[in-house]
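[1] The sequence and its predicted three-dimensional model are supplied below.
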Amino acid sequence: MTDSSPLAGRTALVTGAASGIGRAIAEHFVAAGAAVVLADVQPQVTERAAELGATGAVRMDASDEQAVADGVAEATRLLGRIDVLVTSHGLLTEAPADTMPLETWQQTIDIDLTSVFLLNRAVLGPMLERGDGRIVNVASQLGIKGGVGLAHYAAAKAGVIAMTKSIALEAASRGVLVNAIAPGPVETPLLAGISDDWRSAKAAELPLGRFGTVGEIAPTAVLLASDPGGNLYVGQVLGPNSGDVMP
């Protein structure tokens, strides 16, 4: 392993990898020497994998239990094993709590929280058996501070943070390190569901004065997945967030 290839010899499954933060993380993992399988519900995930020189791709609806089981099995077949899981998929919509349809709430919880549990559960068994593994769950700073019109999204991401800490407590003594990244606002296709007024107001309140880019988030995932860089992180929530949250 060299400084330029901190993930040499490692294998990784990255979800939400057809675009946005997931794609950037997959790209950085490949550049860092990892064998990577990209996963996404979007059909272009196969094209993205080819563009990045990844090991392969799987189409997967991460909110469906059987689809997760099948997708993880296929990724394991392609990689031989999964050393690192990054959950970077998600859904973001805007709705005030007093008029939010239950369907909107449930869809967000299913995609942004339950799916993360299903993926964590699917890879944990083999990791624990080997006594080695890394899980990086992508949450959000809104899971810490909340957001107007985003009660459903903030609740899901707060759940990801709490779940990450709980699984970390269960798994660390058995060689599996589980952590989260809680980005601030980032320029991704995910923001398509958010109004221009919200975006403008949010940028104005950030100490850095701007949203982040996906290339500024991905190195944090590389750190958490690397040896020795990530070796002491257990149940941590790292926040590349333009100063939006200062724990």
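    Thanks, I have it.

[2] which residue ranges form the helices in this structure?
    20-31, 45-52, 65-79, 102-109, 115-130, 142-145, 151-171, 196-205, 214-225 (DSSP state H).

[3] in the shortest one, what's buried?
    Put plainly, it is helix 142-145. Leu142, Gly143, Ile144 (16 or more other CB atoms under 10 Å). Any C-beta I mention is one placed from the backbone N, CA and C, and that applies to glycine too.

[4] Was I right to think Ser177 contacts Gly230?
    Small correction: residue 177 is Leu, not Ser. Yes - with contact defined as CB atoms under 8 Å, Leu177 counts as touching Gly230 (6.6 Å).

[5] Now for these two: what residues contact both?
    The contact sets of Leu177 and Gly230 overlap at Arg134, Leu224 (CB atoms under 8 Å, 6 or more residues apart in numbering).

[6] Which residue of these two possesses the greater neighbour count?
    Leu177 (24 against 21; other CB atoms under 10 Å).

[7] ok, the nearest residue to the more buried one once chain neighbours are set aside to Glu103 distance?
    Spatial nearest neighbour of Leu177, chain neighbours left out: Arg134 (5.3 Å); criterion: CB to CB, 6 or more residues apart in numbering. As judged by CB to CB, to the nearest Å, Arg134 and Glu103 stand 35 Å apart.

[8] okay, those two: which has more neighbours?
    Arg134 (27 against 8).

[9] doesn't Ile144 make contact with Pro247?
    Yes - assessed by CB under 8 Å, Pro247 is found in contact with Ile144 at 7.3 Å.

[10] Show me whatever sits in contact with both of those two.
    Val237, Gly239.

[11] if I look at the spatially closest residue to Glu65 that is not a sequence neighbour, how far off is Ile144?
    With CB to CB, 6+ apart as the criterion, Glu65 has its nearest non-adjacent residue at 5.7 Å, and that residue is Leu118. Note on Leu118: its distance to Ile144, by CB to CB, is 23 Å.

[12] Now do the contacts for Leu13.
    Val36, Val37, Ala39, Val72, Ala75, Leu79, Ile82, Val84, Leu85, Val86, Val123.

[13] same thing with Leu38?
    14, 17-18, 22-23, 26, 45, 48-49, 52, 54, 56-58.

[14] let's go with 7 Å and repeat that
    For Leu38, the contacting residues are Val14, Ala17, Ala26, Val45, Arg48, Ala49, Ala54, Ala57, by CB atoms under 7 Å, 6 or more residues apart in numbering.

[15] Run a quick neighbour tally on the first one.
    So that's Val14. 35.

[16] And the last one, by the same measure?
    Here the number of neighbours of Ala57 (other CB under 10 Å) works out to 26.

[17] number of nearby residues for the residue nearest to Gly230 when sequence neighbours are not counted?
    Residue nearest to Gly230 in three dimensions, not counting chain neighbours: Leu224, with 4.4 Å by CB to CB, 6+ apart. Here the number of neighbours of Leu224 (other CB under 10 Å) works out to 23.
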